[in-house]
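In: Predicted model and sequence follow; I will ask about them next.
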Amino acid sequence: METHLETMPERTSSPQPTNPVRYDFSLLTDHDLYLFNEGTHYRLYDKLGAHVVTHEGVKGTYFAVWAPNAEAVSVMGDFNGWNRDSQQLRPLGSSGIWQGFLPGLGEGEVYKYYIASRYLGYRVEKADPFAFGSEVPPKTASMVRSLDHAWTDRAWMEQRQTKNSLAAPISVYEVHLGSWMRVPEEGGRSLSYRENALKLAGHVKKLGFTHVELMPVMEHPFYGSWGYQITGYFAPTSRYGTPQDLMYLIDVLHHYGIGVILDWVPAHFPTDQHGLGFFDGTHLYEHADPRKGFHPDWDSFIFNYGRNEVRSFLTSNAMFWLDKYHVDGLRVDAVASMLYLDYSRQEGEWIPNEYGGRENLPAISLLQKLNQVVYEAHPDVQMIAEESTAWPMVSRPTYLGGLGFGLKWDMGWMHDTLTYITKDPLYRRYHHDQLTFRMLYAFTENFVLPLSHDEVVHGKGSLLSKMPGNDWQKFANLRLLYGYMFGQPGKKLLFMGGEFAQWNEWHHESSLDWHLLRQPPHAGVQRLVEDLNKLYVGEPALHELDLNAAGFGWIIANDSDQSVLIFMRRGKTTGAVVLVACNFTPTPREDYRVGVPWGGFWREVLNSDAAEYGGSGIGNDGGRHAGPDPSHGRPYSLSLTLPPLAVVFLRSESG
């Protein structure tokens, strides 16, 4: 980055009459400064940034910004004609924080900090790192915003521990708010937070998902980054409304009994000049050495996880969304890139740690401390890691040496399963191990099984278009994939559009193809997803021991010639047993013998080949009786019909 050029002003700068800055007020105590410098201040958002306050009977806005290498800092905005010199802040001792109280300023004011560095004559206009709001991009200034909201979700908050428990059914609907549904009559604009609220909550409730996961809603300058390149870590994007509008959306979802998970990105941030990078003429938030501080994949900066003030910033940001927005969990993006110093780097492009290894020790300790702090303050939420390597104990407690997350995405399952299911059924017999391999590691972590946005973009095609065969077989394969996922141990996640088998891959600039629901095959897939969610939530055997090896047992794992998999799911009580039988070929299997632990009637509670889903209607006439014919090491057995490219679920009624 150039360090000697003064940035060009974004707006015409002209002197305007304004009240003088007052310096006789501060939100920061000596204890705040101590904790901030120690890296253990977890609610900095109450102290830094812009806060509307009343001081000595005068209402105004208090500003505070960390810029330890500045020689001067001022606030500029519409209120002073964007004058860079008239509203100077003063340093708070030797803390590196500049502050001031501006009488008369209130909600909705637009502002930036003008920072004059003590190095190389560097001058720059910066957005506020702690701003609660911002202008609508492509504008880049911050906005004075309050966080006032009359929450009405007390009932949800008081009982959400049961909904977010690892023993609870967790089925997540992943959403990009800007493209979930648009308004074609108004140029295809996105829905606002408030417009989304009832529509999204109603859709998710109808389909039986337990949670919504929102791709990043924090302010980001480039819409095409989907929110993963954040400049306003404490500001919900103003594209869809105000902080209160987002709070309303979350409030409504909670009223519908739906949990809200936010994607959160502490791995990197963009190089946009108004953002965090080179904030005060030095590498304040990022590492100075590009071998640690620059991400080659995303052309972005990497946080300096070893700097205490940065640790306070990131931990406070995670706590902010949990404290102020009532969210029920954070899905932490790109954890693997944080853990490894050599992530996406060639030999010589990275610096080993103090022991000569590739592990990023400050990042590891930050994640561990972050999870400890979050779970101590909010034991009823979940921290979820998107981590794509074999790093051990990601979702194990820190006191055992783990990273302390509650859940981890099973990226290996997603890759292996999609690789398998996209093959012509004729050749699946040669790749049977891609399905069975997962059970060698399935209980080493608390896994979420994701079919996420990453699998339906950048030319990969939609899930439906990936499937082999003619149109009927494509839909059948997709229904089989969903049934198999819901039968497997682990929590579930499905990206929007997948619930009705969208043909086109996801594009962030357009709405989902909702008109497809007028066509029976697409409506059938949505009906299946609805029934799978109901089954998953309603059958203890399918969720109570989701993350425990006692909840799973193979019956037939090695019938690769016929591409059949059959396994048992168990709940905490003896009678809670569900049989899951999958046929990954288009050939129906008649009189297929399956060993079961006891006799009596086994009811067919779901069949993905049912006519109502668009299938051929082949099945087991509502269920089968198990006779005393030993098979597969069990004292009883069933004679089943396995429909083509389908999964059937059977529940014992006599266990």
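Out: Perfect, thanks for sending it.

In: so what's residue 649 closest to, chain neighbours aside?
Out: residue 606 (4.4 Å; CB to CB, 6 or more residues apart in numbering). No exception for glycine: its C-beta is placed from N, CA and C like everyone else's.

In: what helix or strand does that neighbour sit in?
Out: Assessed by DSSP states H and E, residue 606 sits inside strand 600-607.

In: And for that strand, what's in contact with it?
Out: Under the criterion CB atoms under 8 Å, 6 or more residues apart in numbering, residues 483, 531-532, 535, 539, 578-579, 596, 615, 619-626, 638, 643, 646-655 lie in contact with strand 600-607.

In: and it, average pLDDT?
Out: For strand 600-607, mean pLDDT is 97.

In: hang on, the earlier thing: could you tell me how many residues sit around the residue nearest to residue 649?
Out: 24 (other CB atoms under 10 Å).

In: Buried ones among the contacts of strand 600-607?
Out: Buried subset of the contacts of strand 600-607 (neighbour count, 16 or more other CB atoms under 10 Å): 483, 531-532, 535, 539, 578-579, 596, 615, 619-620, 623-624, 626, 638, 643, 646-652, 655.

In: what comes up buried for the strand holding residue 606?
Out: 602, 604-607.

In: cool, stretch 373-388 as well?
Out: 373-375, 378, 380-388.

In: again, but for stretch 204-217
Out: Those would be 204, 207-217, for stretch 204-217 by 16+ other CB under 10 Å.

In: ditto for stretch 58-78
Out: Buried-residue list, stretch 58-78, by 16+ other CB under 10 Å: 60-70, 72-77.

In: cool, stretch 536-546 as well?
Out: Those would be 536-537, 539-546, for stretch 536-546 by 16+ other CB under 10 Å.

In: What of stretch 37-47?
Out: Here stretch 37-47 shows 39, 41-47 as buried, counting by 16+ other CB under 10 Å.

In: Out of these, which two sit at the greatest distance?
Out: 39 and 46 (16.9 Å; CB to CB).

In: Tell me the one of the buried residues of stretch 37-47 nearest residue 505?
Out: residue 45 (37.3 Å).

In: re the thing from before, farthest pair within the buried residues of stretch 373-388?
Out: 380 and 388 (27.6 Å).

In: Now do the helix or strand residue 51 falls within: which elements does it pack against?
Out: Element membership for residue 51 (DSSP H and E) is strand 49-55. For strand 49-55, the elements it packs on are strand 58-66, strand 97-103, judged by 3 or more CB pairs under 8 Å, 6 or more residues apart in numbering; DSSP states H and E.

In: Take those and lay them out in CSV including mean pLDDT and distance to residue 136.
Out: Converted to CSV, the helices and strands packed on strand 49-55 look like this (pLDDT from 0 to 100; distance: least, CB to CB, whole Å):
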stretch, mean pLDDT, distance to residue 136
strand 58-66, 98, 21
strand 97-103, 98, 23
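
In: and of those strands, who's closest to residue 147?
Out: strand 58-66 (14.0 Å).

In: which secondary structure elements does the next helix or strand after the closest one contact?
Out: Moving toward the C-terminus from strand 58-66, the first helix or strand encountered (DSSP H and E) is strand 70-77. For strand 70-77, the elements it packs on are strand 97-103, strand 110-117, judged by 3+ CB pairs under 8 Å, 6+ apart.

In: what's the shortest one in contact with?
Out: Right, the one you point to is strand 97-103. Under CB under 8 Å, 6+ apart, the answer for strand 97-103 is 18-19, 21-26, 28, 33, 48, 53, 55, 58-68, 70, 73, 75, 79, 87-92.

In: mind saving the C-alpha coords of that strand as CSV?
Out: C-alpha atoms of strand 97-103 as CSV (Å, rounded to 0.1, in the frame of the first residue of the first chain):
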residue,chain,number,x,y,z
ILE,A,97,-7.4,6.6,21.8
TRP,A,98,-8.7,10.0,20.5
GLN,A,99,-12.0,11.3,21.9
GLY,A,100,-14.4,14.2,22.0
PHE,A,101,-18.0,15.2,22.6
LEU,A,102,-19.8,17.1,19.9
PRO,A,103,-22.9,18.9,21.2
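
In: so how far is it from its chain's centroid?
Out: 35 Å (CA atoms, centre = their mean, to the nearest Å).

In: and if you look at the last one?
Out: Averaging C-alpha positions (CA atoms, centre = their mean) puts strand 110-117 32 Å from its chain's average.

In: just stretch 60-67 next, same as before
Out: 31 Å.

In: can you pull out the strands in the stretch 301-450 of the chain?
Out: 329-332, 382-385, 407-409, 447-451 (DSSP state E, counting those that start in this stretch).

In: Could I get those in CSV, plus columns for mean pLDDT and distance to residue 183?
Out: Shown next, in CSV, are these (pLDDT from 0 to 100; distance: least, CB to CB, whole Å):
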stretch, mean pLDDT, distance to residue 183
strand 329-332, 98, 28
strand 382-385, 98, 32
strand 407-409, 98, 33
strand 447-451, 98, 28
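
In: Export those to JSON lines and append columns for distance to residue 553.
Out: JSON lines is the format used below for these (distance: least, CB to CB, whole Å):
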{"stretch": "strand 329-332", "distance to residue 553": "30"}
{"stretch": "strand 382-385", "distance to residue 553": "27"}
{"stretch": "strand 407-409", "distance to residue 553": "23"}
{"stretch": "strand 447-451", "distance to residue 553": "17"}
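
In: Next one, pLDDT for the residue minimising distance to the centre of the chain please.
Out: The structure's the chain has its C-alpha centroid closest to residue 263; by CA atoms, centre = their mean the separation is 3.1 Å. For residue 263, the model assigns a pLDDT of 98.

In: Out of the strands of the stretch 301-450 of the chain, which is closest to residue 123?
Out: Here strand 329-332 is closest among these (CB to CB), at 35.1 Å.

In: What is that closest one packed up against?
Out: strand 259-264, helix 308-324, strand 382-385.

In: Centre of the chain to that strand, how far?
Out: Per CA atoms, centre = their mean, the centroid offset for strand 329-332 relative to its chain is 5 Å.

In: quick one: strands adjacent to that strand?
Out: When pairs are called by DSSP bridges, strand 329-332 turns out to pair with strand 259-264 (parallel), strand 382-385 (parallel).

In: can you redo those as TSV with distance to residue 426?
Out: Converted to TSV, those look like this (distance: least, CB to CB, whole Å):
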stretch	distance to residue 426
strand 259-264	39
strand 382-385	37
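
In: quick one: which of these is nearest residue 282?
Out: Nearest of those (CB to CB): strand 259-264, 25.8 Å.

In: what's the angle from the closest one to helix 308-324?
Out: If you take axes from the mean of the first three to the mean of the last three CA atoms, to 10 degrees, strand 259-264 sits at 160 degrees to helix 308-324.

In: What is the subsequent helix or strand relative to strand 259-264?
Out: Next along from strand 259-264, by DSSP H and E: helix 290-293.

In: Output that following helix as PDB, restricted to C-alpha atoms.
Out: The C-alpha coordinates for helix 290-293 follow below in PDB (Å, rounded to 0.1, in the frame of the first residue of the first chain):
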ATOM      1  CA  PRO A 290       2.700  -9.600   4.100                       C
ATOM      2  CA  ARG A 291       3.700 -13.200   4.800                       C
ATOM      3  CA  LYS A 292       1.400 -13.000   7.800                       C
ATOM      4  CA  GLY A 293      -0.700 -10.000   7.100                       C
END
